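*Asks:* Here is the input, now give the coordinates:
(one chain, ligands or ions: 2)
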Amino acid sequence: MGEVLDKVYDPHRIEDKWYRYWEDSGFFRAQADGAKPPYSIVIPPPNITGSLHMGHALNNTLQDILVRFHRMCGYDVLWMPGTDHAGIATQNVVERQLAEEGLDRHRLGREAFIARVWQWKAESGGRIISQLKRLGCSCDWSRERFTMDEGLSRAVREVFVRLYEEGLIYKGDYIINWCPRCQTALADLEVEHEVKDGYLYFIRYPLVGWEGALTVATTRPETLLGDTAVAVNPEDNRYQGYHGDSVRLPVLGRKIPIITDPHVNPEFGTGALKVTPAHDFHDFEIARRHGLPAIQVIDQSGRMTEQAGKFQGLDRFACREKILKELKNDGLLEKVERYQHSVGHCYRCRTIVEPLISKQWFVAVKTLAEPAIAAVQTGRIRLIPAMWEKSFFDWMTNIRDWCISRQIWWGHRIPAWTCPACQQIIVSREEPTVCPSCGSPDLVQETDVLDTWFSSALWPFSTLGWPEDTPELRLFYPTSVLVTAFDILFFWVARMMMMGLHLMKEVPFREVYIHALVRDPEGQKMSKSKGNIVDPLDLMDKYGTDAFRFSLAAFAAMGRDIRLSEERLAGYRNFANKVWNASRFALMNLGDYDPAQRDEQPLDVVEAWIMSRLQQVIQEVTGHLKNYAFDQAAHVLYQFIWHQFCDWYLELIKPQLAPGADPLRRHHSQRLLVDLLSNILRLLHPFMPFITEEIWHRLPGTTGSIMVAPYPTVNPSLLNPEAEAELTLVMDTIVAIRNMRAEMNVPLASQVDILVFSQDEQTLQILRRHTRSLVLLAKVQTVQFQPESGAPAAAAKAVILTPTGSSLELVMPLKGVIDFREEERRLNREMDKLSRDLAQTQRKLSNEDFLAKAPPEVVQKEQEKLLACTEKLNKLKSHQKRLRELVAGKE
Ligand SMILES: [Zn+2]
Ligand SMILES: [Zn+2]
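*Replies:* Ligands and ions are numbered 1, 2, ... in the order given. This next block holds a predicted model:
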């Protein structure tokens, strides 16, 4: 205790040490005994394939601030950690590994492949967890879960069977997004739409029994092979005479009907729409309404099927070329226009998605969505900031059934079996041995696995032991808040709401805090292709984890995207250093401090001021954290610690701490300093856990870890507006004197005298009491207080308004302080040099050759230099003018 800190703060020397100490001491563990009020957060489980990126860093820093804050506020905190098996992503990683070995999963077989994935997980799947520890995350690692561990797999099966029994899961023909490369269905959300330059082909479909043709427009002529109708809008006057007629399908010659449907947009193309139910979502719906058949002409690998006749086996895009050629030869291609249209791509591999009809498993979400909508409407779940409610409601009211089957191997295999003998489908918690309908023992299990988001939708209760009725589930569900980015609001957050409300009959979380995205300094999204990705681990190496965390919190303004700038990171590293250095100074003055000795000294006004400020800071920081205003909490702490505690308080109390000071007062100052530091460290701990723990252990009178110390609370009896007004006056006066010195270029070594004029006797009295501080902090020799103004010639002057509304005049006589003639010469020298620089810059900027050849940033530098020189020159000129007036005795 009471040891002095190292001269220089080295974050890397302390971070690992304290993390191990916290973990070994069991401080991260939730008690779950009901002794304290519960506070719980489930981590958005990172993919096991993941590596910490800026989004994770922000998301988890904010969660850690919340859990550390609540732990210190006396809650039984559970921060539930874990990882997601990330179906397609993980399978892709292992498939790439196999490819390097000249293998593929089909040659390996399903079981061996899954064993390979588990092996990969054991070796590489824990990387992100160790990175979260590096960030300081205080998760309850003793409860770490994985979406494919035994308990969670059981929960998944239970939910699937229950929803199936309730008729909320069904298997059906449906048009789905299909990735021909990944060979799997994709949810709507997994398709990324991109506007592309393409063509609109106008194709003539000859009328049957009449002369002429109907012209349809399409971007995908190869799909005409699967057309089963042409549809027009019943209101469209151009086609009134054609209702009920037929056309002949080009190339194949099949006869297909002309139908009317109010959903046909008369504005698109010619207003006549070719209907391809098997390969277009919109057409699929029309076909359902009209009972039209669906003909699949493209298969799951993107090749033409038998139904495509002579085009069978061709790739879909090669087929397009052949069809166009044939249409041209037959004179059926009316025209081709350039056209921009939106094309769906697989979010994993960027292959163009093919809409296909297939047998898939679905969750009927309409009934599940209603309670979730109501929960947000009634405020049982609060979205913060509330601006996200609109998109939430839009999406939830237009929600389509959720396709949950995926044609991959890595994931929760769907617990459904088919009996080949009688076609019975059996959905069961346990593997069935015989068919309940015909008794056949030969059952075939569904090969598909569930969408990754199915298991993560259960995360808030499956991780707490559901379907068992565990004490954890009773205590920590609903969780207190979910902290997430908006990009998984629908993938994940909405689905957790639906599943939680349906299965637990209760919301999964009371609040959802939706934070911003981290962008580069220019505001662009970070991406591999732009090469602007910043690795959070590099930033932690460079600036220390505490400074990094504090920066993220300070950037996290509600609802605004974050522009990461290293300049600000460096600024917060300076802040960490400031905290370190101030603590070091304090500890050097606490070597002989005895915490056991009583202190009955009253607070003086400086102490009353800082204690009053501290109470307000506690109140503000606590309020901001409760409202998720992380940036404001960080700002309040930064301002108080740097600009009040360090800049003023520590300076003002130096005389009292000096070795020669009155022993009782000195002990009193020491006690207060310990108290202040203790409060500051505890306030700061959730943001900067490592440095605060290190200093805490050196602070006299502390025991144990800061992370289990109580968070400071407001003591209203210490609020003291009078002391604050008094110190504001003192600080304003000192700043005004310092400014005068700087303006008049008075060397630091020169002592000055100050005359203080005020008609307000009370103001004079206050400053009289603080003469010693003025002398010390403004480097003043003597201070004279006078009620009447009357300045000598050649004096600098400043006027300040006091907090009580009166005015105060400060006069600094300059005779003998500065050598006016020498100052004049110095000014001339400086102005000469500036003028030369200015002229040179102006020459450069008017040189067209320079402007044409120099890189833009060099030109910008010169422009900035021009501005800076001009500004400085103007300042010097006005200073010179002022100086000459002073010498002349004018005011
Ligand atoms: Zn794909
Ligand atoms: Zn059977």
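*Asks:* What's opposite Tyr199 in the beta bridge?
*Replies:* Beta bridges link Tyr199 to Arg338 when assigned by DSSP bridges.
*Asks:* Check the one 5 residues further on too.
*Replies:* Following DSSP bridges, Arg204 is listed with bridge partners Thr215.
*Asks:* ok, it - contacts?
*Replies:* Ala213, Leu214, Thr215, Pro250, Gly331, Leu332, Leu333, Glu334 (Cβ atoms under 8 Å, 6 or more residues apart in numbering). (Glycine included, C-beta is placed from N, CA and C.)
*Asks:* Next one: it, what pLDDT does it get?
*Replies:* The model reports Arg204 with a pLDDT of 96.
*Asks:* likewise the one 5 residues further on?
*Replies:* At Gly209 the predicted local confidence, pLDDT, stands at 88.
*Asks:* try Thr276
*Replies:* 96.
*Asks:* Could you do Lys171 as well?
*Replies:* Looking at Lys171, its pLDDT is 91.
*Asks:* May I have the beta-bridge partners of it?
*Replies:* If you apply DSSP bridges, the partners that Lys171 bridges to are Trp361.
*Asks:* Return the residue of the chain that is most distant from the centre.
*Replies:* Computed with Cα atoms, centre = their mean, the residue of the chain farthest from its C-alpha average is Gly209, at 64.0 Å.
*Asks:* Can you give me the buried ones in stretch 882-891?
*Replies:* Leu883, Leu886, Val887 (16 or more other Cβ atoms under 10 Å).
*Asks:* Minimum distance to ligand 2, which residue of the stretch 101-250 of the chain gives it?
*Replies:* For the stretch 101-250 of the chain, the residue closest to ligand 2 is Lys171, as judged by Cβ to the ion, at 16.3 Å.
*Asks:* Tell me if I'm right that that residue and Gln360 touch.
*Replies:* Yes: shown here, Lys171 and Gln360 form a contact pair, counting by Cβ atoms under 8 Å, at 7.1 Å.
*Asks:* So for these two, which residue has more residues nearby?
*Replies:* Gln360 (21 against 18; other Cβ atoms under 10 Å).
*Asks:* pLDDT at the more buried one, what is it?
*Replies:* In this prediction Gln360 is given a pLDDT of 88.
*Asks:* got it, and Lys875?
*Replies:* On the pLDDT scale, Lys875 gets 81.
*Asks:* is it true that it lies in a strand?
*Replies:* No: assessed with DSSP: H, G, I helix; E, B strand; the rest coil, Lys875 is helix; it does not lie in a strand.
*Asks:* Distance-wise, check it relative to ligand 1.
*Replies:* Plainly put, Lys875 is 63 Å away from ligand 1 if you go by Cβ to the ion, to the nearest Å.
*Asks:* where does Gln31 land in three-state SS?
*Replies:* coil.
*Asks:* got a pLDDT number for the nearest residue to it once chain neighbours are set aside?
*Replies:* Leaving aside its sequence neighbours, Gln31 sits nearest to Asp76 (Cβ to Cβ, 6 or more residues apart in numbering; 5.0 Å). With respect to pLDDT, Asp76 has a value of 97.
*Asks:* Kindly state the beta-bridge partners for Asp76.
*Replies:* Assessed by DSSP bridges, Asp76 has beta-bridge partners Pro38.
*Asks:* Surely it is in contact with Arg29?
*Replies:* No: counting by Cβ under 8 Å, Asp76 does not reach Arg29; the two are 9.9 Å apart.
*Asks:* follow-up on the earlier one: return the closest of the buried residues of stretch 882-891 with respect to ligand 1.
*Replies:* Nearest to ligand 1 out of these is Leu883 (Cβ to the ion; 74.8 Å).
*Asks:* Pop out the phi and psi values for that closest one.
*Replies:* Main-chain dihedrals, Leu883, degrees, to the nearest 10: phi -60, psi -40.
*Asks:* Correct me if wrong: it contacts Leu827.
*Replies:* Yes: in this structure, Leu883 is within contact of Leu827 by Cβ under 8 Å, at 7.4 Å.
*Asks:* Gln597: neighbour count?
*Replies:* Residues near Gln597, counting by other Cβ under 10 Å, number 10.
*Asks:* burial count for the residue lying closest to it once chain neighbours are set aside?
*Replies:* Nearest-residue entry for Gln597: His667, 6.1 Å, with adjacent residues in sequence omitted and distances by Cβ to Cβ, 6+ apart. For His667, the count of nearby residues is 19 (other Cβ under 10 Å).
*Asks:* got the contact list for His667?
*Replies:* When contacts are taken as Cβ under 8 Å, 6+ apart, His667 is in contact with Tyr593, Asp594, Gln597, Asp599, Gln601.
*Asks:* wait, which of those residues is closest to ligand 2?
*Replies:* Using Cβ to the ion, Tyr593 comes nearest to ligand 2 of the contacts of His667, at 84.2 Å.
*Asks:* For my notes, confirm the closest one occurs in a helix.
*Replies:* No: assessed with three-state DSSP, Tyr593 is coil; it does not lie in a helix.
*Asks:* That one contacts Pro700, doesn't it?
*Replies:* Yes: with contact defined as Cβ under 8 Å, Tyr593 reaches Pro700; the gap is 5.3 Å.
*Asks:* Residues of the protein that sit close to ligand 2?
*Replies:* Counting by Cβ under 5 Å from the ion, the residues of the chain close to ligand 2 are Cys419, Ala421, Cys422, Gln424, Cys435, Ser437, Cys438, Ser440.
*Asks:* Quickly find the element holding the third one.
*Replies:* Cys422 is part of no helix or strand when elements are defined by DSSP states H and E.
*Asks:* In contact with the nearest residue to it once chain neighbours are set aside: list those residues for me.
*Replies:* Leaving aside its chain neighbours, Cys422 sits nearest to Cys438 (4.3 Å; criterion: Cβ to Cβ, 6+ apart). Taking Cβ under 8 Å, 6+ apart, we find Cys438 in contact with Cys419, Ala421, Cys422, Gln424.
*Asks:* Which one (most neighbours) among those?
*Replies:* Neighbour counts for the contacts of Cys438, by other Cβ under 10 Å, peak at Cys419, which reaches 21 neighbours.
*Asks:* ok, how many other residues are close to whichever residue of the stretch 401-550 of the chain sits closest to ligand 1?
*Replies:* At 10.7 Å from ligand 1, Ile408 is the closest residue in the stretch 401-550 of the chain, using Cβ to the ion. By other Cβ under 10 Å, the residues close to Ile408 number 21.
*Asks:* Check Trp395 too.
*Replies:* 14.
*Asks:* so who does it touch?
*Replies:* Residues in contact with Trp395 (Cβ under 8 Å, 6+ apart) are Phe490, Ala494.
*Asks:* And the pLDDT at it?
*Replies:* Predicted confidence (pLDDT) for Trp395: 91.
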